[in-house]
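[1] Predicted model follows, preceded by the sequence.
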Amino acid sequence: MDVYLPIANLSVNGLYIVLLGGLTGILSGLFGVGGGFLTTPLLIFYGIPPTVAAASAATQVTGASVSGVLAHSRRKGVDYRMGGVMVGGGIIGALIGAVLFSALQSLGQIDVVISILYVLMLGSIGTLMLREAVSAIRPGMLGKGGAQVKKRRHHPLVASLPYRWRFYASGLYISPLAPAILGMLVGILTMLMGVGGGFLLVPAMLYILGMSGNVVVGTSLFQILFVTMVTTMTHALTTKAVDLVLAALLLLGSVLGAQFGTQIALKAKPEYLRLALAALVLLIALRMLYGLGVQPDEIYTVVPL
Amino acid sequence: MRWPARLILAVLVWEGLTATPALAQREPVLVPAVSQSRIEVRQGFTGARLLLYGAVIDPAGAGSRGEDYDIVVVLKGPSEAVRIREKERIAGIWANAESSDFRSAPAFFAVASSRPVSEIVDERTAAIYELGTEFIQLSPSGEIDPEEQARFAKGLVELRQRQGLYQEDPGGVRIAEKVLYQARINLPSNVTTGRYTAETFAIARGRVLASATARIEVVKAGLEGQVVTAAQRWSFLYGLGAIGLSLMMGWIAGRLFARG
């Protein structure tokens, strides 16, 4: 099924794109991550220009996080105050990201920066997840407590920030600067990499902010939902690289895939799921590292002036 | 071999005309035609096969001199200013390093000829008429030494050859009865839209005897055209549309998911 992508300016097999969206949808159903970290690199491997890939993946992540936010808000799993502060930081981050994006683009270094960021982020997070998953499976009995951290305390740096607010749903009395800065950093990454940043936000909210576990995923999805919306708009206004046809195909796949993902999640054991996700994340990181170190097929690239 | 009816008509019409330019008294005249003067890029576009055909008319009567002609067809896309970047290994990582600017790189360039161009004309003539990818006038800008410019130009040409955007087909033109010719050129799906020109040259004894130009328009049409126009002109509404689409699809999925 040949589909012409008007903004990417090339013809692709639409079925592959739907399948790719489906794969990330399965992941989001399985693990509660947006799956943008998988979409962007796979689209780039497929030959979609990196800018179009990052912009359209951000649009897909919006769609993928809507149903998650709805589900979590129904069972009061979203801290709106915390989420609002993080969205505020995230919007500032997206704007900073847009400036960085165009500066790197005019220097011709955007592609290599995207790749290096992917290797660093996915490599470190994949390693952490792998270690956690293995230690959860090995001791057997102790495995169930792997995800739950008993001693919940925020990082000393967070405690030193001024102007404390109460965040009732998260059970915290901390400065709003901490979640705002965290949101901003993720916003920058969203703009540059086309990822929602859930794989980064969730551990940071647990271990740095020390938020209560039952609102972490919902609040992270809430932040991702709004920041990817702003990112899509920023891309539409600045890089003009959002490909509606590409985004629609990805969305179609992820919508269907998420259904399968949740069904698998009900049957499979969580620690093995984590192990699989860790392996997948590391595999992509290694593939991108290989891509950076090996002589590329094309030494020359052409950009219009 | 089937010759399009339009061509035969064109030949008939031409032979009905008497007044011709001054040089046409002794030199042959080219009558070119194109299978499509407008190519529409729309959903499902996987490229186009362009048929460029026509006739070489000798004033003394078709084919009467018995001289062999060669035909070279050059199809050129719109020119644009480009920057070529070269990747180098820096600290173990392949990253863009040096770059070079060219003011007029055609987005598409294809040469089809009845024999290899080097057998038809000398290098000087080939360079004047741009009868080959190595003769494209790229108009380099900036102060870079010629050797480096040549390296970047070669990089550009080879890259676009692999993308199917620059082509050379020595043998892509067929001539029948020393009068009629036809050439096929494939446009890949990643072609740039804009105005294309097809120049046809009739060459004998290393000399260009006649030339003629036909224009082809490549446009994005239908939904595809509207998407591109919207993204460029109404960026804000386009962005809202993209967000709306994703919210709607996510919401519908959420409803289905909640029921299942």
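    Arrived safely. Given the structure is predicted, the values throughout are model-derived calculations rather than measurements.
[2] Just checking the helix or strand hosting residue A:301 against chain B, any contact.
    Residue A:301 is part of strand A:300-304, with elements assigned from DSSP states H and E. Yes. Applying C-beta under 8 Å from any C-beta of the partner chain, one finds strand A:300-304 touching chain B at A:300-304. Heads up, the C-betas are built off the backbone N, CA and C, glycines and all.
[3] Just the buried residues of these.
    A:300-302 (16 or more other C-beta atoms under 10 Å in any protein chain shown).
[4] Out of those, flag the one nearest to residue A:215.
    Nearest to residue A:215 among these is residue A:301, at 44.7 Å by C-beta to C-beta.
[5] so what's the closest one bridging to?
    residue B:85 (DSSP bridges).
[6] Same question for residue B:111.
    Bridge pairing for residue B:111 (DSSP bridges) gives the partners residue B:74, residue B:168.
[7] by contact count, what packs against the helix or strand that contains residue B:31?
    In the assignment (DSSP H and E), residue B:31 maps to strand B:29-34. Contacts defined by 3 or more C-beta pairs under 8 Å, 6 or more residues apart in numbering or on different chains; DSSP states H and E place strand B:29-34 against helix B:5-16, strand B:48-57, strand B:194-204, strand B:207-220.
[8] out of those, nearest to chain A?
    Proximity to chain A (C-beta to the nearest C-beta) singles out strand B:207-220 among the helices and strands packed on strand B:29-34, at 6.4 Å.
[9] Mind checking what helix or strand follows the closest one in sequence?
    helix B:222-233.
[10] Around chain B, which positions in the stretch 201-305 of chain A sit nearby?
    Residues of the stretch 201-305 of chain A lying close to chain B (C-beta under 8 Å from any C-beta) are A:229, A:232-233, A:235-237, A:240, A:242, A:244-245, A:247-248, A:251-252, A:255, A:258-259, A:262, A:292-296, A:298-305.
[11] now with 7 Å?
    Residues of the stretch 201-305 of chain A lying near chain B by C-beta under 7 Å from any C-beta of the partner chain: A:229, A:232-233, A:236-237, A:240, A:242, A:244-245, A:247-248, A:251, A:255, A:258-259, A:262, A:292-293, A:295-296, A:298-305.
[12] Can you tell me the SS state at the residue of the stretch 201-305 of chain A found nearest chain B?
    As assessed by C-beta to the nearest C-beta, chain B sits closest to residue A:236 within the stretch 201-305 of chain A, at 3.1 Å. With DSSP: H, G, I helix; E, B strand; the rest coil as the basis, residue A:236 sits in helix.
[13] What is the neighbour count of residue B:255?
    12 (other C-beta atoms under 10 Å in any protein chain shown).
[14] quick one: the helix or strand harbouring it to helix B:222-233, angle?
    Element membership for residue B:255 (DSSP H and E) is helix B:235-259. For helix B:235-259 against helix B:222-233, the angle by axes from the mean of the first three to the mean of the last three C-alpha atoms, to 10 degrees is 120 degrees.
[15] how about helix B:235-259: buried residues?
    Counting neighbours by 16+ other C-beta under 10 Å, one finds that the buried residues in helix B:235-259 are B:235, B:238-239, B:241-243, B:245-247, B:249-250, B:253-254, B:257.
[16] if we can go back for a sec, from the residues of strand A:300-304 next to chain B, which is closest to residue A:202?
    The closest of the residues of strand A:300-304 next to chain B to residue A:202 turns out to be residue A:301 (C-beta to C-beta; 35.7 Å).
[17] so what strands line up beside the strand holding residue B:31?
    As defined by DSSP bridges, the strand partners of strand B:29-34 come to strand B:48-57 (antiparallel).
[18] between the partner strand and strand B:194-204, how many degrees?
    With the same axes, to 10 degrees as the basis, strand B:48-57 and strand B:194-204 are set at 40 degrees to each other.
[19] what sits against residue B:213?
    B:197-199 (C-beta atoms under 7 Å, 6 or more residues apart in numbering or on different chains).
[20] which of those residues are buried?
    Among the contacts of residue B:213, the ones that count as buried by 16+ other C-beta under 10 Å are B:198-199.
[21] Turn the contacts of residue B:213 into JSON lines, columns for pLDDT and distance to residue A:93.
    Below are those laid out as JSON lines (pLDDT from 0 to 100; distance: C-beta to C-beta, whole Å):
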{"residue": "B:197", "pLDDT": "93", "distance to residue A:93": "48"}
{"residue": "B:198", "pLDDT": "92", "distance to residue A:93": "51"}
{"residue": "B:199", "pLDDT": "93", "distance to residue A:93": "52"}
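[22] pLDDT score for the closest residue to residue A:9 other than its chain neighbours?
    Counting by C-beta to C-beta, 6 or more residues apart in numbering or on different chains, residue A:9 lies nearest to residue B:190, which is 5.9 Å off, once chain neighbours are set aside. On the pLDDT scale, residue B:190 is placed at 83.
[23] And the one 10 residues further on, by the same measure?
    For residue B:200, the pLDDT comes out at 93.
[24] again, but for residue B:127
    At residue B:127, pLDDT is 92.
[25] OK, contacts around it?
    Contacts for residue B:127 (C-beta under 7 Å, 6+ apart) come out as residue B:135.
[26] State the helix or strand in which it lies.
    Assigned by DSSP H and E, residue B:127 falls within helix B:123-128.
[27] And the next helix or strand past that helix?
    strand B:140-141.
[28] elements contacting that following strand?
    If contacts are counted by 3 or more C-beta pairs under 7 Å, 6 or more residues apart in numbering or on different chains; DSSP states H and E, strand B:140-141 sits against strand B:93-106.
[29] re the thing from before, may I see the buried residues of the helix holding residue B:127?
    Going by neighbour count (16+ other C-beta under 10 Å), the buried part of helix B:123-128 is B:125-126.
[30] Distance from the chain centre to that helix, please.
    Centroid displacement of helix B:123-128 relative to its chain, using C-alpha atoms, centre = their mean, to the nearest Å, is 19 Å.
[31] what's the answer for stretch B:86-105, then?
    26 Å.
[32] now check that stretch, is it near chain A?
    Yes. Between stretch B:86-105 and chain A, judged by C-beta under 7 Å from any C-beta, the touching residues are B:86-87, B:92-96, B:99, B:101.
[33] Dump those to JSON lines, plus distance to residue A:277, neighbour count and pLDDT.
    Below are the residues of stretch B:86-105 next to chain A laid out as JSON lines (distance: C-beta to C-beta, whole Å; neighbours: other C-beta atoms under 10 Å in any protein chain shown; pLDDT from 0 to 100):
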{"residue": "B:86", "distance to residue A:277": "38", "neighbour count": "17", "pLDDT": "90"}
{"residue": "B:87", "distance to residue A:277": "32", "neighbour count": "20", "pLDDT": "88"}
{"residue": "B:92", "distance to residue A:277": "29", "neighbour count": "7", "pLDDT": "84"}
{"residue": "B:93", "distance to residue A:277": "27", "neighbour count": "16", "pLDDT": "85"}
{"residue": "B:94", "distance to residue A:277": "29", "neighbour count": "18", "pLDDT": "87"}
{"residue": "B:95", "distance to residue A:277": "30", "neighbour count": "18", "pLDDT": "86"}
{"residue": "B:96", "distance to residue A:277": "33", "neighbour count": "20", "pLDDT": "86"}
{"residue": "B:99", "distance to residue A:277": "40", "neighbour count": "17", "pLDDT": "87"}
{"residue": "B:101", "distance to residue A:277": "45", "neighbour count": "18", "pLDDT": "90"}
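[34] which of these sit farthest apart?
    B:92 and B:101 (28.4 Å).
[35] Which elements pack onto the helix or strand bottoming out on mean pLDDT in chain A?
    Lowest by mean pLDDT, DSSP states H and E among the helices and strands of chain A is helix A:156-159, with a mean of 71. Using 3+ C-beta pairs under 7 Å, 6+ apart, no helix or strand is in contact with helix A:156-159.
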